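Novice: pasting the sequence and the predicted model now:
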Amino acid sequence: MTIYPKMVRDALATVRYPGTGKSIIEMDMLEDDIRIDGNRVSFSLIFDKPTDPFIKSVVKACEAAILTYVGDEVDIKGNIAVLTRKKARPEVEKLLPNVKNIIAVSSGKGGVGKSTVAANLAVALSRLGYRVGLLDADIFGPSIPKMFSVEDARPYAEEVDGRDLIIPIEKYGIKLLSIGFFVEPNQATLWRGGMASNALKQLIGDSNWGDLDYFVIDLPPGTSDIHLTIVQTLAVTGVVVVSTPQEVALADARKGINMFTNEKVDVPILGIVENMSWFTPAELPDNRYYIFGKEGAKKLAEEMGILLLGQIPIVQSIMESGDSGAPSALHPETMTGQAFIALAENVVRQTERRNIEREPTRIVKVKRN
C-alpha cells in the first residue's frame, strides 16, 4: 500500500476540535510536517496552550481517522507529536512598548572606544537612577560581556504571555544582552547580513526587557545592514556618535552622521562624544597631552551644528576597568567616572529636549472675561 500526504490530510479533515466544532485543518492545527516511511505515518498537532483539555481526545480521534480512512495497517499510534502554538513577535511599531527612550551609540570606524562609551553611558544612567538596558548589537565583535565580566553567562528563556522570551543578564542594575552569550567566544561569527540582522531582531523582539527608561544600543562601527535593521525595527530616540580627535576618525564620524540624518533614515543626532581627548598620567592629574590632536570632535560638532556631549580623557584606569568588568562610571569620584556621569546628564537633557520637540503642539484656549 502506498500512502500519500494528501490521504493523511483528507483523513484528518474529518476530525473536529471539540471546543469549536471545526475541523483541525480549518483551525490550522496540523503542522506542515507529515512524514511517511512505508506504513509508518507521523505528524505534529498544534494547540494554543499546553494545558488544552482536548489534547488527548483530539490525538485519539486523529489516530482513529487515519486507521479508518487511510488503512487499518497504518502504523500511527504514538507517532503524533503535540506542539504549543507560540504567539508571533509583535509588529515593528509595537516592539519594546515599555521602553521610554532608545539611544544608539555609533562610530564611523572601529577602535575609537565606542563600546567603552556605551557601557559607561549605561552604567552612568543607572547611577543617576534610571532603569537601563544595554544591547550589544556589534554582532561580529561583541565586547559587552567582557566589559561587564559576564562572559560565562548563558541567558535562558521563559514563557511570558504565550511566548518564549529570553531573559537578559543583569549586572550593576543593568539588563544586558549580546550575541556573545550565544556563540563560542573564540570562534569567528561567519554570518551573512541577513543572518546577523535576524539574530539582532530576535535579541530585541524575543527578549523580556521589561520597563526601561533608557535602552542603550552598542552598534557596530561604520555603516552596515545592522544600522538599517535597527532604524527600521525600532523608533530610535537619538544617536550618540563617538569619535577620537584625529582627522581620520572625524572623517568617518562625518559619514556616520550623514547616514543617520539622511532623509531616508532621518534619526536625530543627540550629539558627539570625543573619546581619548587627551592623556593624563595618574601621577600628574593636572597635565594634558593631546596625543590624537586637540578638540577635533568639538570642531566637527560646531561645523555640523550638533552638541558636543562630552570629552573623555585617556586614563589607564579606563582600560583596566574595562578588562576587569567594572566600568569606570561605577566610580564617580574618579576623573573618568565624573566624565561619564557628565556625559549621561547631557544625554538625558538632549533626550528630554528631543521628546518635547516630538510632542505635538498643544493648543491652549484662554477664556475671556
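Specialist: Okay, I see it. Residues are numbered from 1 along each chain as shown.
Novice: for the chain, what spans make up the helices?
Specialist: For the chain, the helices defined by DSSP state H cover 5-12, 55-69, 114-127, 144-147, 193-205, 225-233, 247-261, 296-304, 316-324, 335-358.
Novice: please state the offset of the fourth one from the chain centre?
Specialist: Relative to the chain's own centre, helix 144-147 is displaced by 16 Å; criterion: C-alpha atoms, centre = their mean, to the nearest Å.
Novice: ok, now the second one?
Specialist: What separates the centre of helix 55-69 from the centre of its chain is 43 Å, taken as C-alpha atoms, centre = their mean.
Novice: list the buried residues of it.
Specialist: Of all the residues in helix 55-69, those buried under the rule 16 or more other C-beta atoms under 10 Å are 58-59, 61-63, 65-66. All C-beta atoms are positioned from the backbone trio N, CA, C, and that covers glycine.
Novice: reformat these as a markdown table; add distance to E159 and pLDDT.
Specialist: Formatted as a markdown table, the buried residues of helix 55-69 follow (distance: C-beta to C-beta, whole Å; pLDDT from 0 to 100):
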| residue | distance to E159 | pLDDT |
| --- | --- | --- |
| V58 | 22 | 95 |
| V59 | 22 | 95 |
| A61 | 27 | 95 |
| C62 | 26 | 95 |
| E63 | 28 | 95 |
| A65 | 31 | 95 |
| I66 | 31 | 95 |
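Novice: could I get the residues you listed as a markdown table with distance to R127?
Specialist: As requested, the buried residues of helix 55-69 are arranged in a markdown table below (distance: C-beta to C-beta, whole Å):
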| residue | distance to R127 |
| --- | --- |
| V58 | 55 |
| V59 | 55 |
| A61 | 60 |
| C62 | 58 |
| E63 | 61 |
| A65 | 63 |
| I66 | 63 |
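Novice: show me which of these is closest to I103.
Specialist: I103 has its nearest neighbour among the buried residues of helix 55-69 in V58, at 48.7 Å by C-beta to C-beta.
Novice: ok, now how distant is the closest one from P18?
Specialist: V58 sits 8 Å away from P18, going by C-beta to C-beta, to the nearest Å.
Novice: hey, C-alpha coordinates of the longest strand anywhere in the chain in CSV?
Specialist: If you go by DSSP state E, the chain has its longest strand at strand 269-279. Only the C-alpha atoms of strand 269-279 are listed here, as CSV (Å, rounded to 0.1, in the frame of the first residue of the first chain):
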residue,chain,number,x,y,z
ILE,A,269,21.8,63.0,16.4
LEU,A,270,21.8,63.8,20.1
GLY,A,271,25.5,64.8,19.9
ILE,A,272,29.0,63.7,19.6
VAL,A,273,31.4,62.3,22.2
GLU,A,274,35.1,63.0,21.9
ASN,A,275,36.9,60.0,23.3
MET,A,276,40.6,59.9,24.0
SER,A,277,40.6,63.7,24.1
TRP,A,278,43.9,63.9,25.9
PHE,A,279,46.2,61.8,28.0
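Novice: now that strand against helix 296-304, angle please.
Specialist: Strand 269-279 runs at 150 degrees relative to helix 296-304, counting by axes from the mean of the first three to the mean of the last three C-alpha atoms, to 10 degrees.
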